[in-house]
Each structure stands twice: as C-alpha cells, then as structure tokens.
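Novice: Predicted model follows, preceded by the sequence.
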Amino acid sequence: MNFYGVRAIYGFEMARTWRTLFQSVVAPVVTTSLYFVVFGAAIGSQIDEIDGVSYGAFIVPGLIMLMVLTQSTTNAAFGIYFPKFTGTIYEVLSAPVSFYEVVMGYVGAAATKAVMLGLIILATASLFVPLQIAHPLWMLAFLILTATTFSLIGFIIGIWADNFEKLQFVPLLVITPLAFLGGTFYSIDMLPPVWQTVTLFNPVLYLVSGFRWSFYGIGDVSVAVSVLMILLFLALALAVVAWIFRTGYRLRS
Amino acid sequence: MTRDTIAVFRRRPPEPTPAAGSVTTERVVAAPAVSVQSLSKTYESGFQALRRVSLEIRRGEIFALLGPNGAGKTTLIGIICGLVMPSEGSVAVNGYDILRDWRITRSLIGLVPQELATDTFETVSATVSFSRGLFGKPPNEAHIEQVLRDLSLWDKRNDKIQTLSGGMKRRLLIAKALAHEPDVLFLDEPTAGVDVELRRDMWALIRALRDRGVTIILTTHYIEEAEDMADRVGVIQRGQIVLVEETAELMRQLGRKALKLHLKTPLDEIPTALAHHQLELSADGMELTYTFTPEASDRSGVAHLLQDLSAAGIAFRDLHTEQSSLEDIFVDLVREQS
Ligand SMILES: Nc1ncnc2c1ncn2[C@@H]1O[C@H](COP(=O)(O)OP(=O)(O)OP(=O)(O)O)[C@@H](O)[C@H]1O
Ligand SMILES: [Mg+2]
C-alpha cells in the first residue's frame, strides 16, 4: 500500500477545497438559508407539524442530504475529471499507486468535504430552527456513508465523462430531481397512494428517511431498511469501481 | 491488454520477483535498465503503433530515441511507464516486469511527458512535493530544494504554476519527474520550447544525472542534441526499430566526410587521370568535392587524391572538410525506409 501516494492525492484534493473555500462553503450555506426562509418560515408557518416536528425542523435532514448528495457527486466527479481534461492524470497513471489507492485519495477527499459541508449546514440550520438529534452517532454514520457512496458515484461519473456536459448531466438531471422527490421537503404520507409507491423506487428516499430518523426518531421507512439500502448503494458503487479497475475503462489506452 | 493480464497486473501484490528468465537476484542487478521484448501495440482504433519492438537500454547510459512524427516514440514510452497497455510482448525495468511488478518498476521510473500538462493553481514547490508523495516517498525538503535549484526554479517555488512561462513549465515537469529520485528517467522531447541557454543547463543537468547513475532515455527532434549527448541512438520508424547504435560508431560508419577543394582555375570536366576518385565538379567548375568515410583505408585516399591532383597540374587555393551530421544520417535512413 502506497500510503504517501494516497496522502498526496487526498492532500491535493483537500488543498483544492481550502482554496475554493468561499464558493464551496458559502454558496451552500446561502442556498440553505434561502430554503429556510422560503420553506421554513414563509411556507412552513402554513404547514402543520409532521409527527410532532415543526415543518422547519422537519426539512433540516432533507436539506442536508440534498446538499451532501449533490456536492459529493459534483465534487468527486470534477476531482477526477479535471486531471483527465488537463492531462495531468498521466502522473497518477504512471505512479506506483493502485486504482483503489487513487479511489481512496479522491473519494476520501470528496467525502470529507461533503461531511464538513453537512455539518456546516446543520450548524446554520440550528440558527433558524430548534434542533434535536436523537441518535447523533447514527446521524454521523448516515452522513459519512451517504457522502462516501455519492462521492464514489461522482468518481465513476468523472471517469465516464469525456466532456463537461456529461460531467454535469447526472448531478443536475438525475441526482437533484431524485433528491427533491425523495422526501426532502415532505413526508411521503402527504402524497397520493400511487405516488407513495412510485417514491419507494427512489433511492434517495431511504437516505433521507434514515437520516431524518437519526434526528427525530421518525421516518418514511424503517431505519433498518434505510441502513440496508445505503449499504446496498455503497456495494453497487464499489462494484462499478471494481469493474472499472478490472477493465482499465477509460483511463489507459 | 487482455483481461487475464490485467488480472495478473492488478491482483498480485508486487513482490520483488525477477522478470521471466532471471532467476537470481544478481541477474536482476545485472539486468539492463530497460528491456523491451517483441512489444506490439494496437490502439482501439485498430491502428498499430508498435510492431514487435525489441530494445535494450543499458544502465547508466543516455539513449536517444529518434524518429519522425507519429513513429511511435511516445507510445513506447507510455507503455514502459504504465500509461498505455501493451497489446503483446513484455517490458522489464531493472529486471522487473512492468505488469507483474508494476509497483516496483513505476517507482524506479520518472517520466517527463511530451505534452505540457501541469496543474494551474498549485504552487511550484507544492506540485513537486505532491509528485514525490505520489511515488511513495516520504517528504524530503532538502531533495525538493536541490531539484528546484538544479532546474532554476527555486526562485519560483512559491509561485502559482499558471504564472510560469512555457519553458519554466517544461522544467517544472522535469523537477516533478526527479522528485522521487528515479533510477530511469524518460524525457519525451524535453527541450521543446526551452531557450538556448537553459537548454545547455538542462543538458548539463542530464549529464550530471547520468554521472550519478541515472539511466536516461530521451526523444528529441534536435538531432545535434542526440549527437552531442547520447551514448547510443535508436531510430524508430512506423512502429519499428530500424537501427540501434553507439552514437560514435554510427557517426563513424555512416557519417561521411567531404573534402572541398577551391580551384585556382576552373575545370571543364574531371580529368580522366582522376576518374577513379569519387569526385564531383561544381557547375562553375571551381570546386571539386571528394566524399569519403573517415576510416583508415579511405584516409589514404585523400593522400592519393592530392598526389594525383598535383601530377595532373591542378592547383587549388583552399580546401576544407565537412562532416555529415546525425541529421543527415537520420534523413537518409528515414528516406530509405519509406
Ligand atoms: N490514443 C490513441 N489512439 C489511436 N491512435 C493513437 C493514439 N495515440 C497515438 N496514436 C497513433 O499512434 C502513432 C504513434 O504515435 P506516437 O505519439 O507514439 O508518435 P511519436 O513518435 O511520439 O510522434 P511525435 O514525434 O509526433 O511525438 C501515431 O500514428 C498516432 O496517431
Ligand atoms: Mg511523441
């Protein structure tokens, strides 16, 4: 195992995060604050409590998930796509680092950044609404697992993409809609029965539900199902990474 | 590359096993720096860039790989360094197979790519330290400083890469390649875009590296560089090695000398008494050119020629000799092949 190699990639990616600290932290914080003003205060005041939780507090876990999902995907995708685009990937490919070590470096950094972002949003949210976290360790576990899984998905997208459009396609047109429709801003009980069933096919529902459970002890599906689903997604993402690794897909000619 | 070889490449841990054929550690030690065996590469497009290339690079030599655009130089280097998958054949570096012992061979190799691919926002010293770590070496500030000084980049160490000029970026790529103290250094057109003075510095550095025992393989289109610098040259043409030779030997065998005589009075034609010498008369009849290979037997030819000239009563005002350059040899070779 090339420890220094993994550390070099991780450090390089984290340096990129610190360098772009403003846009990578301030932008999501501002966006989240806007959501609170619009959904929490303006609209939320018209909405009843859900399972005894005020609407403003109810959307906090969903909002964090929304940000973590989109940010980890785009950040990891960009992290590996950019060296491919500029050609600097030659160095990683010629170095004594295995593909898994490359994944550890890039995905580790993207996940770290996403977790930090999630915690910052959580802190921001606590300024707007009274928060309680029933299961803090589970909360962290969900956050880390989700950030890791979606950083892996982002990494895969970054490897697959050979132009900027493809790079943005999945985060923008798949992840964001799924996140919005996955119970971020509502409980699926509020939907007509047909849509409740449809929503069960949305993977994000399980993430949001489990995460929300760690806050308030309530969820659209049972927490065991949530945990199983997130582990399943993680396994799927790892399987695709392993496939890329075996075939050398799109990295070496 | 087939799936099976990738499985071997990936799954087996890098154990310090010698390449096929080498059984003892001593043989690994004695193995050539790079040994390429019947290497072929067909790109996915179906284009065959290398055809059964075999080549040995000796330890501690400077080897110049010459060839026209598209000959396969970068492809060959790419395979040895792990950027391109070989289709057939094998490569060993210091006796270690590049696929089976990839971790070892890659940490032995430094690569300066042909394309100027650099980061943008990172600083010079950060990117060089990054390279060292990537290749598995613990931090060593003193070494990084030495490398940056050697490449006249020390003053720029805190500058962002985007503020460097093209020639500085090229030197930065060399610094990155040297950051992990490689045994074998590949330089794919290192002097493209580097000014004359810095090019001289760069060659001095490359000689110094060789003197420290680093094996250097470079490609260049400046043939005089290969002539000056390289211990041996190899010529690749349409994916095939067409010649490998000691530079000095090549110059001796293929280098031609021309003796030019400026006559006092013009000649209408070459006198029959001189017909057996290889002479050419210029259009104005004022200059005789005698072409010979600089070997002992031929050198006596010059003496005979001069005797015959004076016997024939041909007087000359001046004479000088010209030696064909590696470039002439190269152009001839390439023309012959095509
Ligand atoms: N990824 C690729 N896919 C298909 N063909 C390729 C690829 N890379 C290179 N080739 C082809 O392989 C041949 C050899 O290319 P290579 O880059 O090795 O040449 P070179 O000798 O380095 O040339 P130059 O002096 O121009 O750098 C060329 O005909 C090139 O078009
Ligand atoms: Mg080339």
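Specialist: Cool, got the structure. Ligands and ions are numbered 1, 2, ... in the order given.

Novice: could you say which helix or strand contains the residue in the stretch 201-338 of chain B that chain A sits nearest to?
Specialist: In the stretch 201-338 of chain B, no residue comes nearer to chain A than B:Ile217, which is 13.9 Å away by C-beta to the nearest C-beta. Heads up, the C-betas are built off the backbone N, CA and C, glycines and all. With the criterion set as DSSP states H and E, the secondary-structure element containing B:Ile217 is strand B:215-219.

Novice: and after that strand, which helix or strand comes next?
Specialist: Going C-terminal from strand B:215-219, and assigning secondary structure by DSSP H and E, you next hit helix B:223-229.

Novice: domain assignment for chain B?
Specialist: Here the domain assignment for chain B is B:3-251, B:255-337, based on automatic domain parsing.

Novice: wait, does the first one make contact with ligand 2?
Specialist: Yes: using C-beta under 5 Å from the ion, domain B:3-251 comes into contact with ligand 2 via B:73-74, B:114.

Novice: got these as a markdown table, with neighbour count and secondary structure columns?
Specialist: Below are those laid out as a markdown table (neighbours: other C-beta atoms under 10 Å in any protein chain shown; DSSP: H, G, I helix; E, B strand; the rest coil):
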| residue | neighbour count | secondary structure |
| --- | --- | --- |
| B:Lys73 | 24 | helix |
| B:Thr74 | 20 | helix |
| B:Gln114 | 17 | coil |
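
Novice: Enumerate every residue touching the residue in chain A positioned nearest to ligand 1.
Specialist: Evaluated by C-beta to the nearest ligand atom, chain A has A:Ser253 as its residue closest to ligand 1, separated by 4.2 Å. Contact partners of A:Ser253, counting by C-beta atoms under 8 Å, 6 or more residues apart in numbering or on different chains, are B:43-44, B:78, B:83-85.

Novice: and if you look at A:Val221?
Specialist: A:Val221 is in contact with A:200, A:205-206, A:209-210, counting by C-beta under 8 Å, 6+ apart.

Novice: same thing but 7 Å
Specialist: By C-beta atoms under 7 Å, 6 or more residues apart in numbering or on different chains, the residues touching A:Val221 are A:206, A:209.

Novice: which SS state does it fall under?
Specialist: In the three-state summary, A:Val221 is assigned as coil, counting by DSSP: H, G, I helix; E, B strand; the rest coil.

Novice: Not counting its neighbours along the chain, what's nearest residue 191?
Specialist: The chain I'm using is chain A. In space, and not counting its chain neighbours, A:Leu191 is closest to A:Thr199: 6.5 Å by C-beta to C-beta, 6 or more residues apart in numbering or on different chains.

Novice: my bad, the chain I had in mind was chain B
Specialist: Using C-beta to C-beta, 6+ apart and skipping residues adjacent in sequence, the residue nearest B:Thr191 is B:Arg199, 4.9 Å away.

Novice: what helix or strand is residue 251 on?
Specialist: Picking chain A for this. Element membership of A:Leu251, judged by DSSP H and E, is empty: it is in no helix or strand.

Novice: The intended chain is chain B.
Specialist: Going by DSSP H and E, B:Met251 is in helix B:247-254.

Novice: Which secondary structure element of chain A has the lowest mean pLDDT?
Specialist: Scoring the helices and strands of chain A by mean pLDDT, DSSP states H and E places helix A:21 at the bottom, with a mean of 80.

Novice: Quickly check: that helix near chain B or not.
Specialist: No: Helix A:21 stays out of contact with chain B when judged by C-beta under 7 Å from any C-beta of the partner chain, the minimum separation being 13.0 Å.

Novice: could you list every residue that touches whichever residue of the stretch 151-300 of chain B sits closest to chain A?
Specialist: Among all residues of the stretch 151-300 of chain B, B:Lys176 sits closest to chain A, at 7.0 Å; criterion: C-beta to the nearest C-beta. B:Lys176 is in contact with A:91, B:127-128, B:131, counting by C-beta under 7 Å, 6+ apart.

Novice: which of those residues sit farthest apart?
Specialist: Based on C-beta to C-beta, the longest span within these runs between A:Glu91 and B:Val128 and measures 11.3 Å.

Novice: what does the helix or strand that contains B:Arg149 contact?
Specialist: Following DSSP H and E, the helix or strand that holds B:Arg149 is helix B:141-150. Contact with helix B:141-150 is made by B:125, B:128-129, B:132, B:154, B:157, B:175, B:178-179, B:181, B:205, as judged by C-beta under 7 Å, 6+ apart.

Novice: and if you look at stretch A:181-192?
Specialist: A:39, A:50, A:59, A:62-63, A:65-66, A:196, A:199, A:202, A:204-205, A:208-209, A:220.

Novice: Also stretch A:72-84?
Specialist: When contacts are taken as C-beta under 7 Å, 6+ apart, the neighbours of stretch A:72-84 outside the stretch itself are A:13, A:89, A:92, A:106-107, A:109-111, A:113-114, A:147, A:150-151, A:153-155, A:157-159, A:161, A:167, A:171, A:175.

Novice: could you pull out the strands for chain B?
Specialist: B:34-42, B:48-57, B:62-66, B:88-93, B:96-97, B:109-112, B:184-188, B:215-219, B:232-237, B:240-246, B:257-263, B:279-281, B:287-292, B:316-323 (DSSP state E).

Novice: does any part of the second one sit near chain A?
Specialist: No: contact of strand B:48-57 with chain A is not found when judged by C-beta under 7 Å from any C-beta; the minimum separation is 9.8 Å.

Novice: any idea of the mean pLDDT in that strand?
Specialist: Predicted confidence along strand B:48-57 averages 96 (mean pLDDT).

Novice: For beta bridges, what are the partners of the residue sitting nearest the centre point of chain B?
Specialist: By C-alpha atoms, centre = their mean, chain B has its centre lying nearest to B:Ala64, at 1.4 Å. With DSSP bridges as the criterion, the beta-bridge partners of B:Ala64 are B:Leu218, B:Val233.

Novice: contacting residues for it?
Specialist: Contacts here follow C-beta under 7 Å, 6+ apart; on that basis B:Ala64 touches B:218, B:220, B:226, B:229-230, B:233.

Novice: what sits against the residue in chain B that ligand 2 sits nearest to?
Specialist: Here chain B gets closest to ligand 2 at one residue, B:Thr74, 3.1 Å apart by C-beta to the ion. With C-beta under 7 Å, 6+ apart as the criterion, the residues that contact B:Thr74 are B:114, B:188.

Novice: Next to ligand 1, which bits of the stretch 101-250 of chain A? Give me the list.
Specialist: When proximity is defined by C-beta under 6 Å from any ligand atom, the stretch 101-250 of chain A lies next to ligand 1 nowhere.

Novice: Around chain B, pick out the residues from the stretch 101-250 of chain A.
Specialist: Contact residues, the stretch 101-250 of chain A versus chain B (C-beta under 7 Å from any C-beta): A:245-246, A:248.

Novice: In ChimeraX, how would I select the buried members of the contacts of stretch A:181-192?
Specialist: The following ChimeraX selection, which keeps only the buried ones among these, applies the criterion 16 or more other C-beta atoms under 10 Å in any protein chain shown:
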select /A:39,50,59,62,63,65,66,199,202,204,205,208,209,220
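
Novice: Closest one to chain B out of the contacts of stretch A:181-192, please.
Specialist: Of all the contacts of stretch A:181-192, chain B sits closest to A:Leu66, with 28.5 Å by C-beta to the nearest C-beta.

Novice: check contacts around the closest one.
Specialist: Taking C-beta under 7 Å, 6+ apart as the definition of contact, the neighbours of A:Leu66 are A:179, A:184.
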